[in-house]
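Novice: give me coordinates for this.
(one chain, ligands or ions: 1)
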Amino acid sequence: MALRREQIVASDKRHLWHPYTAMGPYLSDTEPLVIDSAQGARLFDRDGKAYLDGNSSWWACLLGHRHPRIVAALCEQAQKLCHTSLAGVTHEHAALLAEELVAVAPPGLPRVFFSDNGSTAVEVALKLALQYWHQNGRPERRRFLALDGAFHGETLGATALGGVEVFRRPFASVVLDCIHVPPAKGGHERAFAALEQAVRAHAGELAAVVLEPVVQGAAGMRIYPPEYLRRARSITEEHDVFLILDEVFTGYGRTGPMWASEHAGIVPDLVCIAKGFTAGTLPMAATLASERVFEGFLGDPERAFYYGHTFCGNPLGARVAREVLAIYREEKILARVADGAARIARAFAGWGGLPGVSGVRSIGMIGALDLGQQGYLERAGWRVFQEGLKRGAYLRPLGSTVYVAPPLNIAEEELELLLGILEESLRAVLT
Ligand code: PMP
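Specialist: Take a look at the predicted model:
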């Protein structure tokens, strides 16, 4: 017999430790949403109520939930091969996925290293950069440079780059050495100058500059100008420092083009991909590298990259990731983003005048605004979240930043509905 909602919540509260959740208030005051199923842009709870998925389930389900082609590909692959190691052996889908990925990646990144989530995609990039310099004549290049407010994942390596203070603080004394610079504080020219000055001053000891291109997601959907990326590329090239772009959130069309780096027309040395890579179906990620980086690991076996996760190149994930790319091609997903992006931009611009709303902004299929002071621990966004739930939308905020990042293929009427619910929820909170 199917368990009732209350029974599931009781088990949950007895044992489950939730990510990014203050467990005290959760245990005492929270009636969690119990998701039972999902289809397209909608989540369904245990009582059958539907919610439009305003953030593509942690920014991953770019093609909505249970796309029939993805489900079919997954089931078919499960009949044949669920898992194999990738250490010195290969299989059809890992090999062809790498080829197909390189074909759509920014040019000049022909080597693909698989892992299993966004943090590990970043970890791989960091280790590749460190090891490259270690064994290619510049072992003193051990530091990284990232942005204030950056978010690159959960491993200690990725945590070192993180610039969200509340996430970083407990680990600050043990993580890798990272210099942080402001992305836009004090005007763009000042920010460009700060970046250029920091790279110039530390070039001899920098392994890489690491950036979320154009949008800093977890910082609160902070958008910065592509010119910043162009400057970052040119100063890193000038000093022969690697540029790592973390496209975990921004890749696969979230900001419009396939890669956010396209806004600036630049190519990094390493790029990190996850989330949309399997359209939120399975944990699988990739780090793409230039031929120069790859060649830095050839020669003596001691120079090899001794790194690999159990599930890197997992056949189920690889098969799904290939199907995702096929859907992007055949359903012309990127071409469809333009209409949704324009609709989101119009809606958010229209809310700029609401009392208490500031910083309305949008790019691609992202729209965001702030309610009061920005900050992850601020509560204002959660009031909108509660109003959204009542009206049938899941609008998890980033503290005081309220945003949408729906599936790229959300139907026009569903997007209209989502934005309508957001507007009503905002008005309910602000009046
Ligand atoms: N990089 C960026 C830019 C992200 O937004 C995230 C996750 N939100 C990560 C890395 C980490 O990805 P994962 O949660 O899959 O480890």
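Novice: if I pick the closest residue to the ligand within the stretch 101-250 of the chain, what's in contact with it?
Specialist: At 2.1 Å from the ligand, residue 118 is the closest residue in the stretch 101-250 of the chain, using C-beta to the nearest ligand atom. For every residue, glycine as well, the C-beta is placed using N, CA and C. The contact partners of residue 118, by C-beta atoms under 8 Å, 6 or more residues apart in numbering, come to 152-153, 246, 248-249, 272, 274-275, 285.
Novice: now, the residues you listed that are in strands?
Specialist: When the contacts of residue 118 are checked against strands (DSSP state E), the matches are 246, 272, 285.
Novice: on that earlier part again, residue 143: which of the contacts of residue 118 is nearest?
Specialist: Proximity of the contacts of residue 118 to residue 143 was ranked by C-beta to C-beta; the top entry is residue 152 with 15.1 Å.
Novice: wait, doesn't residue 37 sit right on residue 46?
Specialist: No: at 9.4 Å, residue 37 does not count as touching residue 46 under the criterion of C-beta atoms under 8 Å.
Novice: compare the two and say which one has the larger neighbour count.
Specialist: Per other C-beta atoms under 10 Å, whichever of residue 37 and residue 46 has more neighbours is residue 46, with 18 against 12.
Novice: surely that one touches residue 6?
Specialist: No: Residue 46 is beyond contact range of residue 6, at 9.3 Å (criterion: C-beta under 8 Å).
Novice: which bits of this protein sit near the ligand?
Specialist: Residues of the chain lying near the ligand by C-beta under 6 Å from any ligand atom: 117-119, 122, 151-154, 212, 217-218, 246, 248-249, 274.
Novice: farthest pair within those?
Specialist: Of all pairs drawn from the residues of the chain next to the ligand, the greatest distance, 15.8 Å, lies between 117 and 212 (C-beta to C-beta).
Novice: which of those two has more residues huddled nearby?
Specialist: residue 212 (27 against 20).
Novice: excluding residues flanking it in the chain, which one is nearest the more buried one?
Specialist: residue 246 (5.1 Å; C-beta to C-beta, 6 or more residues apart in numbering).
Novice: quick check: the one you found touching residue 272?
Specialist: Yes: under the criterion of C-beta under 8 Å, residue 246 makes contact with residue 272 at 4.7 Å.
Novice: all helices for the stretch 151-300 of the chain, in order.
Specialist: Remark: helices assigned in the stretch 151-300 of the chain by DSSP state H, counting those that start in this stretch are 156-161, 165-168, 188-202, 226-238, 291-295.
Novice: now those as CSV including mean pLDDT and mean neighbour count?
Specialist: Compiled in CSV, the helices of the stretch 151-300 of the chain are given as follows (pLDDT from 0 to 100; neighbours: other C-beta atoms under 10 Å):
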stretch, mean pLDDT, mean neighbour count
helix 156-161, 96, 22
helix 165-168, 90, 14
helix 188-202, 94, 16
helix 226-238, 96, 18
helix 291-295, 98, 15
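Novice: which among those is found nearest to residue 97?
Specialist: Closest of these to residue 97 is helix 291-295, at 17.3 Å (criterion: C-beta to C-beta).
Novice: skip ahead from the closest one and say which helix or strand is next.
Specialist: helix 315-330 (DSSP states H and E).
Novice: mind listing what's buried along that next one?
Specialist: For helix 315-330, the neighbour count (16 or more other C-beta atoms under 10 Å) marks 315-325, 327-328 as buried.
Novice: stretch 383-401 now?
Specialist: Here stretch 383-401 shows 383-385, 387-389, 391, 393-401 as buried, counting by 16+ other C-beta under 10 Å.
Novice: now stretch 110-121
Specialist: So for stretch 110-121, counting by 16+ other C-beta under 10 Å, buried means 111-121.
Novice: and stretch 261-273, by the same measure?
Specialist: Buried residues in stretch 261-273, counted by 16+ other C-beta under 10 Å: 261-264, 266-273.
Novice: give me the contacts around the helix-or-strand element of the chain with minimal mean pLDDT.
Specialist: For the chain, counting by mean pLDDT, DSSP states H and E, helix 165-168 ranks last in confidence among helices and strands (a mean of 90). Outside of helix 165-168, the residues within contact range by C-beta under 8 Å, 6+ apart are 151, 159, 162, 175, 218, 376-377.
Novice: among those, the buried ones, what's the PyMOL command?
Specialist: Here is the PyMOL command that selects the buried residues among the contacts of helix 165-168 (16+ other C-beta under 10 Å):
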select buried, resi 151+159+162+175+218+376
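Novice: right, and the pair among the contacts of helix 165-168 with maximum separation?
Specialist: 175 and 377 (20.9 Å).
Novice: where does pLDDT dip in the protein?
Specialist: Residues of the chain meeting the criterion pLDDT under 70: 184-186.
Novice: if we go to 80?
Specialist: For the chain, the stretches flagged by pLDDT under 80 are 1, 184-187, 373-376.
Novice: grab the nearest non-local neighbour of the spatially most central residue of it.
Specialist: Central residue of the chain (C-alpha atoms, centre = their mean): residue 249, 2.2 Å from the mean position. The shortest distance from residue 249 to any non-neighbouring residue, by C-beta to C-beta, 6+ apart, is to residue 217 (4.2 Å).
Novice: how much space between that neighbour and residue 118?
Specialist: The gap separating residue 217 from residue 118 is 10 Å, by C-beta to C-beta, to the nearest Å.
Novice: quick one: common contacting residues for these two?
Specialist: Residues touching both residue 217 and residue 118 (C-beta under 8 Å, 6+ apart) are residue 249.
Novice: of the buried residues of stretch 261-273, closest to the ligand?
Specialist: Distances from the ligand to the buried residues of stretch 261-273, taken by C-beta to the nearest ligand atom, are shortest for residue 272, at 6.8 Å.
Novice: wait, doesn't that closest one sit right on residue 125?
Specialist: Yes: Residue 272 lies in contact with residue 125 (C-beta under 8 Å); the separation is 5.4 Å.
Novice: which neighbours do the two share?
Specialist: Contact criterion C-beta under 8 Å, 6+ apart; residues shared by residue 272 and residue 125: 244, 246, 287.
Novice: quick one, strands of the stretch 51-200 of the chain?
Specialist: For the stretch 51-200 of the chain, the strands defined by DSSP state E, counting those that start in this stretch occupy 111-115, 143-147, 178-181.
Novice: closest to residue 411 out of those strands?
Specialist: strand 111-115 (32.6 Å).
Novice: report the inter-axis angle for that closest one versus helix 315-330.
Specialist: In terms of direction (axes from the mean of the first three to the mean of the last three C-alpha atoms, to 10 degrees), strand 111-115 departs from helix 315-330 by 130 degrees.
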